[in-house]
Each structure stands twice: as C-alpha cells, then as structure tokens.
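Chemist: pasted the sequence and its predicted model underneath.
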Amino acid sequence: MRWKVNNETRQRLLADRAERASSFVQRFKGLMGRRSLAVGEGLHIAPCNSIHTFFMRIPIDVLFLDAQGRIVKQMPALVPWRATSVYFQSRSVLELPAGVLAASGTQEGDLLSFEPVP
C-alpha cells in the first residue's frame with residue numbers, strides 16, 4: 001500500500017506515493033540499493049528511532065516523527081554511509097528525496113498526516 005503524506009502545519013504535500021516498511025526485513029533493507037528516489041516517493045519506517053545510510057547511493061531528507069506524527073528531528077540531504085543518533089522520542093522515520101524539506105519549508109515541530117492511496 002502507498003501513502004499520501006501531508007505537512008499539516010505548512011499545508012504542503014511531501015509525498016503522494018510513500019511506501020511503508022514495518023516488517024524487520026523491510027525496515028532493514030529500507031532504500032539500500034535504490035539508484036534514485038523520485039519526487040513524490042518516500043519510505044515511512046515504523047517503528048524506528050535511528051537509521052543508517054550504509055550501502056545507499058543517494059542523499060535523502062530524513063524526518064524523525066513522534067507517535068502523533070510531529071517532527072522531533074530533521075536531517076536534510078543526509079549522505080550515504082552515515083548513521084544517525086538514536087532519538088528516543090521518535091516512533092517512526094520518513095525518508096524523502098533530498099530537497100523536499102527545503103522546497104516545502106518543513107521544520108521541526110511540524111505535524112504530518114498519512115492517508116492511504118487506493
């Protein structure tokens with residue numbers, strides 16, 4: 001299933017075809033091996049409070065979200081071969097193409113919503 005992700009605070013669409021990774025295998029694989037991530041795509045990893053970009057080929061924008069979908073930490077254009085700290089408030093992570101955060105004006109504290117796309 002794919003998801004539409006909106007920044008409710010800024011009234012901006014962040015992704016219209018985000019995938020969800022909820023199993024251990026899906027969360028472990030994440031975006032590894034992907035050659036690109038198009039505008040409108042994304043990966044929502046749940047549960048999650050820390051990520052790595054080992055074996056990735058592209059930079060990504062990263063949002064750490066609390067249980068309500070509020071951004072507790074953001075990392076624009078995180079490059080491959082990095083690991084993040086653990087963010088104990090985070091319950092999930094949204095990975096987006098690099099540049100989406102800047103283009104949408106998204107900031108820490110903003111509230112996101114997820115709705116399924118048929």
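Modeler: Received the coordinates, thanks.
Chemist: where is the longest strand in the chain?
Modeler: When the chain is parsed with DSSP state E, its longest strand is strand 12-21.
Chemist: list the contacts for the nearest residue to residue 86 once chain neighbours are set aside?
Modeler: In space, and not counting its chain neighbours, residue 86 is closest to residue 50: 4.4 Å by Cβ to Cβ, 6 or more residues apart in numbering. No exception for glycine: its C-beta is placed from N, CA and C like everyone else's. Going by Cβ atoms under 8 Å, 6 or more residues apart in numbering, residue 50 touches 83, 84, 85, 86, 87, 90.
Chemist: which one of those residues is nearest residue 66?
Modeler: residue 90 (6.6 Å; Cβ to Cβ).
Chemist: which parts of the chain are strands?
Modeler: Counting by DSSP E, the strands of the chain are 2-7, 12-21, 41-45, 60-65, 71-78, 92-97, 112-117.
Chemist: out of the ones you listed, nearest to residue 103?
Modeler: Judging these by Cβ to Cβ, what sits closest to residue 103 is strand 12-21, at 8.5 Å.
Chemist: go ahead and name everything in contact with the closest one.
Modeler: Residues contacting strand 12-21 (Cβ under 8 Å, 6+ apart): 1-7, 27, 29-30, 40-46, 94, 96, 100, 104-106, 112, 114, 117.
Chemist: where does this structure dip in pLDDT?
Modeler: For the chain, not a single residue meets the criterion pLDDT under 70.
Chemist: center of it, which residue is that?
Modeler: Geometric centre of the chain, nearest residue: residue 94, 1.6 Å, by Cα atoms, centre = their mean.
Chemist: enumerate every residue touching the nearest residue to that one once chain neighbours are set aside.
Modeler: Distances taken as Cβ to Cβ, 6+ apart put residue 63 closest to residue 94, at 4.3 Å, once the chain neighbours are dropped. Neighbouring residues of residue 63 by Cβ under 8 Å, 6+ apart: 71, 73, 74, 93, 94, 95, 96, 101, 106, 112.
Chemist: that older thread, from the contacts of residue 50, pick the one nearest residue 22.
Modeler: Nearest to residue 22 among these, with distances taken as Cβ to Cβ, is residue 90, at 15.1 Å.
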